[in-house]
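> Provided below for reference: sequence and predicted model.
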Amino acid sequence: MAARITAYLVACIVGVTLIAGLIVRAQRAGDDVVDLIVVNGKVYAGGATSEMGEAIAIRGNKVVRVGSNREIQRLRRAQTKVIDANGGAVVPGFNDAHAHFISGGLGLDQINLLEATTLDEIKDSIRVWSAAHPERTWITGRGWYYQPFAGALPTRQLLDALVPDRPAYLIAYDGHTGWANSRALKAAGITRRTKPPANGVIVKDPRTGEPTGALQEAAMALMTAAPQPTTEDKIAAIRAGMVEAHRVGITSVQNAGGTAEDLDLYDRLRKRGELTLRVYQALSVNGPVGEDELAQLAAIRERFDDDPLLKTGAVKLAADGVIESHTAAMLEPYANRPGISGDPRFTAEELNRTVTRLDREGWQVMTHAIGDAAVRMTLDAYEAAAGLNPAPERGRRHRIEHIETIDPADIPRLGALGVIASMEPVHATPSPTPGDDVWSINIGPVRAARGWLWNSIVKAGGRLAFGSDWPVMTLDPMMGLHVAVNRTTAEGLPEGGWLPDERLTVRQAIDAYTSDAAWASYDDLRKGILARDMLADLVILSEDIFDGPTARLSETLVMVTIVDGKVVYQREPLDTTVAP
């Protein structure tokens with residue numbers, strides 16, 4: 001009997017040992033298929049994690065592990081590709097939370113005036129580009145700043161002198177004012193008798209009544225004679241935009257407005273296996289929304305529901321304009337325009353009703369609000385919707401886009417209501433000498449001191465999400481990180497930083513571009529941090545930005561961009577000869 005029991009025990013032990021061996025072998029077999037590892041880096045996994053890693057392992061399109069060089073090197077197999085980070089920072093792929101991607105891609109083939117900061121530079125850029133493109137029947141572009149025109153708006157006569165032989169139409173950097181020459185105005189049929197559309201201004205000479213060449217807000221839509229991009233032009237723009245995005249480390253983009261046709265273009269590339277950028281597309285709604293429009297929106301969402309590569313789920317509204325053209329809605333009149341506060345695009349009742357209807361249907365609402373009155377109106381609308389509708393299954397993550405200035409009383413409301421502050425750091429350098437720029441002059445010093453209050457919002461419990469507003473500003477997240485952390489231009493101006501108390505730490509700024517941006521598009525369960533089973537989207541930088549001087553952030557280069565576990569950009573040939 002004892003012998004039989006002993007035999008059973010031995011058999012049991014052997015069986016358990018075999019099962020354990022099978023489990024270990026299965027785990028090792030899983031480790032055998034590690035496809036890519038990055039070593040010798042300063043790995044920040046994101047999401048406010050405190051510990052830093054040295055290396056990361058990727059299997060297929062998912063992260064396997066972040067750890068030390070020794071831990072990750074153990075996973076290396078004969079087929080594993082190894083990338084040496086050479087001591088540079090490794091961070092989650094940048095997620096641009098506010099862009100106009102197709103417009104940005106189209107702009108790569110037009111005049112770009114973002115680097116022209118003086119009137120002479122603007123003139124030279126237009127002359128040179130026009131002379132270099134004699135085949136263009138129209139001269140188009142964007143990016144001019146208001147500051148070089150000394151508080152006035154550019155005129156058709158000035159543009160006539162620069163482009164005398166063809167129509168020319170150039171859009172301001174903020175996208176809210178157009179500048180046309182006489183040939184362009186004639187082609188569009190805009191005369192002294194032309195009436196402006198709602199929410200638009202045709203600027204006219206007070207003496208003659210003739211259009212000056214400046215078209216503001218909705219009046220820009222009158223320039224229908226300008227060449228319109230074809231479908232193939234837009235496809236080419238997306239391709240060119242993806243190349244530029246990967247060059248600067250962007251792996252995901254959130255388009256702040258667009259159409260179902262835009263989604264179809266991205267989908268065409270997705271079906272061809274050419275879409276190497278994750279896209280979250282908001283759908284534009286240009287006024288109060290009715291039941292018919294809600295049904296149309298629902299049909300689009302059904303076609304482009306939650307997907308890691310391409311989806312919709314948000315609606316973009318615009319509550320006001322911009323401060324530079326006095327069209328942002330302010331609580332008090334502009335400092336240099338007594339009696340003028342800027343008109344909101346909605347009445348309070350219209351905005352409340354529209355937001356409540358969208359919230360009821362489970363849409364995320366992204367509202368452009370720049371002036372403090374527009375910000376308050378938007379917060380009121382979100383609060384009203386929450387009071388009337390049950391919370392959707394996925395929760396509310398409504399957003400306010402831009403928030404260039406905000407009344408102090410409204411700062412804690414962002415956190416209390418769970419509203420995301422979607423902001424663009426590069427906008428926060430209105431001038432190397434704040435106070436002398438158009439933005440500051442228009443609203444005066446008191447409100448200018450409440451510009452882009454990132455740290456105040458975070459301290460009050462709010463959540464940030466950072467983007468570029470491309471092509472309004474540069475697409476490069478490193479420039480955005482520089483401004484967020486230093487509150488200066490790339491040249492270090494103003495000395496000591498503009499409103500330096502609003503600076504963020506490097507990690508906070510990276511989170512706003514990664515983990516918090518993923519939260520802002522309902523993607524936080526699959527991307528935005530580097531952790532097991534998260535999507536393998538990451539960036540290798542040229543420097544250790546966590547220990548180096550923050551003044552050099554804008555000089556840091558993207559060395560490698562990885563999307564879905566695949567290298568989509570490399571600045572130099574990869575070093576894959578790292579010793580085990």
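That came through, no problem.

> next, count neighbours for residue 391.
11 (other Cβ atoms under 10 Å). Every C-beta, even on glycine, is put in place using the N, C-alpha and C of the backbone.

> next: residue 173.
Residues near residue 173, counting by other Cβ under 10 Å: 21.

> now do the contacts for it.
By Cβ atoms under 8 Å, 6 or more residues apart in numbering, the contact set of residue 173 is 113-114, 142-145, 472-473.

> what's the nearest residue to it if we skip its chain neighbours?
Using Cβ to Cβ, 6 or more residues apart in numbering and skipping the chain neighbours, the partner closest in space to residue 173 is residue 143 (5.0 Å).

> I figured that neighbour hits residue 113, correct?
Yes - with contact defined as Cβ atoms under 8 Å, residue 143 reaches residue 113; the gap is 3.6 Å.

> next, show the common contact partners of those two.
Counting by Cβ under 8 Å, 6+ apart, the residues touching both residue 143 and residue 113 are 170, 173.

> quick check on residue 368: phi, psi?
Per-residue torsions, residue 368: phi -70, psi 120 (degrees, to the nearest 10).

> contacts only, for it.
256, 316-320, 374, 401-402.

> please repeat the previous calculation with a cut-off of 6 Å.
318, 401 (Cβ atoms under 6 Å, 6 or more residues apart in numbering).

> what of the one 4 residues further on?
Listed by Cβ under 6 Å, 6+ apart, the contact set of residue 372 reads 330-331, 405-407.

> ok, and the most crowded of the residues you listed?
residue 406 (27 neighbours).

> how near is it to residue 449?
12 Å (Cβ to Cβ, to the nearest Å).

> buried set for the longest strand seen in the chain?
For the chain, the longest strand by residue count, based on DSSP state E, is strand 310-318. By 16 or more other Cβ atoms under 10 Å, the buried positions in strand 310-318 come out as 310-318.

> which of those sits closest to residue 170?
Nearest to residue 170 out of the buried residues of strand 310-318 is residue 318 (Cβ to Cβ; 21.8 Å).

> for that closest one, give the beta-bridge partners.
Residue 318 has these beta-bridge partners by DSSP bridges: residue 368.

> next one: residue 36
The partner residues for residue 36, given DSSP bridges, come to residue 58, residue 81.

> related to what we said a few turns ago, most widely separated two among the buried residues of strand 310-318?
310 and 318 (23.9 Å).

> surely residue 286 forms part of a helix?
No - counting by DSSP: H, G, I helix; E, B strand; the rest coil, residue 286 is not found in a helix; it is coil.

> ramachandran coordinates for it?
Per degrees, to the nearest 10, the backbone of residue 286 is at phi -100, psi 10.

> that one: what's its closest spatial neighbour, skipping adjacent residues?
Nearest non-adjacent residue to residue 286 (Cβ to Cβ, 6+ apart): residue 318, at 7.6 Å.

> okay but that neighbour is in contact with residue 345, surely?
Yes - under the criterion of Cβ atoms under 6 Å, residue 318 makes contact with residue 345 at 5.3 Å.

> just the element for residue 443, please.
helix 438-448 (DSSP states H and E).

> could you list the buried residues of the helix or strand just after that helix?
Helices and strands here follow DSSP H and E; after helix 438-448, the next one along the chain is helix 454-459. Buried residues in helix 454-459, counted by 16+ other Cβ under 10 Å: 454-458.

> tell me, how many neighbours does the closest residue to residue 453 other than its chain neighbours end up with?
Of all residues not flanking residue 453 in the chain, residue 502 sits nearest, at 5.6 Å (Cβ to Cβ, 6+ apart). Neighbour count of residue 502, defined by other Cβ under 10 Å: 20.

> how far off centre is whichever strand or helix holds residue 413?
If you go by DSSP H and E, residue 413 is part of helix 411-417. Computed by Cα atoms, centre = their mean, to the nearest Å, the separation of helix 411-417 from the middle of its chain amounts to 22 Å.

> got it, and stretch 302-320?
Remark: stretch 302-320 is offset 14 Å from the chain centroid, using Cα atoms, centre = their mean.

> could you do stretch 293-300 as well?
Counting by Cα atoms, centre = their mean, stretch 293-300 comes out at 25 Å from the chain centroid.

> same question, stretch 392-405
14 Å.

> buried residues in that stretch?
396-405.

> counting neighbours, what do you get for residue 544?
Quick note: residue 544 (other Cβ under 10 Å) scores 17 neighbours.

> contacts only, for the residue lying closest to residue 475 once chain neighbours are set aside.
Computed as Cβ to Cβ, 6+ apart, the closest residue to residue 475 that is not its neighbour in sequence is residue 468, at 5.1 Å. For residue 468, the contact set (Cβ under 6 Å, 6+ apart) comprises 96, 99, 424, 475.

> the second one reaches residue 253, doesn't it?
Yes - with contact defined as Cβ under 6 Å, residue 99 and residue 253 form a contacting pair (5.1 Å).

> can you give the distance of the helix holding residue 443 from its chain's centre?
25 Å.

> any weak-confidence spans in this protein?
1-32, 429-435, 574-580 (pLDDT under 70).

> mind giving me the domain split of it?
33-93+529-580, 103-222 (automatic domain parsing).

> would you turn those into a markdown table with distance to residue 296?
What follows is these, written out as a markdown table (distance: least, Cβ to Cβ, whole Å):
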| stretch | distance to residue 296 |
| --- | --- |
| domain 33-93+529-580 | 31 |
| domain 103-222 | 21 |
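
> residue 339 is nearest to which of those domains?
Closest among the domains of the chain, using Cβ to Cβ: domain 103-222, at 16.3 Å.

> how long is that closest one end to end?
Start-to-end span of domain 103-222 (Cα to Cα, to the nearest Å) is 18 Å.

> just the helices from the stretch 401-550 of the chain, written as ranges.
411-417, 438-448, 454-459, 477-486, 506-513, 515-520 (DSSP state H, counting those that start in this stretch).

> tabulate those helices in TSV, adding columns for distance to residue 353.
Conversion of the helices of the stretch 401-550 of the chain to TSV gives the following (distance: least, Cβ to Cβ, whole Å):
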stretch	distance to residue 353
helix 411-417	18
helix 438-448	29
helix 454-459	27
helix 477-486	35
helix 506-513	32
helix 515-520	25
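
> apart from its neighbours in sequence, what residue is nearest residue 238?
residue 105 (5.6 Å).

> and after whichever helix or strand that neighbour is part of, which helix or strand comes next?
According to DSSP H and E, residue 105 maps onto helix 101-107. Following helix 101-107 in sequence order, the next helix or strand is strand 111-112 (DSSP H and E).

> that next one pairs with which strands, and in what direction?
Going by DSSP bridges, the partners of strand 111-112 are strand 139-144 (parallel).

> now do the buried residues in the strand it pairs with.
Those would be 139-144, for strand 139-144 by 16+ other Cβ under 10 Å.

> of the residues you listed, closest to residue 262?
residue 142 (18.5 Å).

> name the nearest residue to the closest one, ignoring sequence neighbours.
Residue 142's closest residue in space is residue 171 (Cβ to Cβ, 6+ apart), at 3.9 Å.
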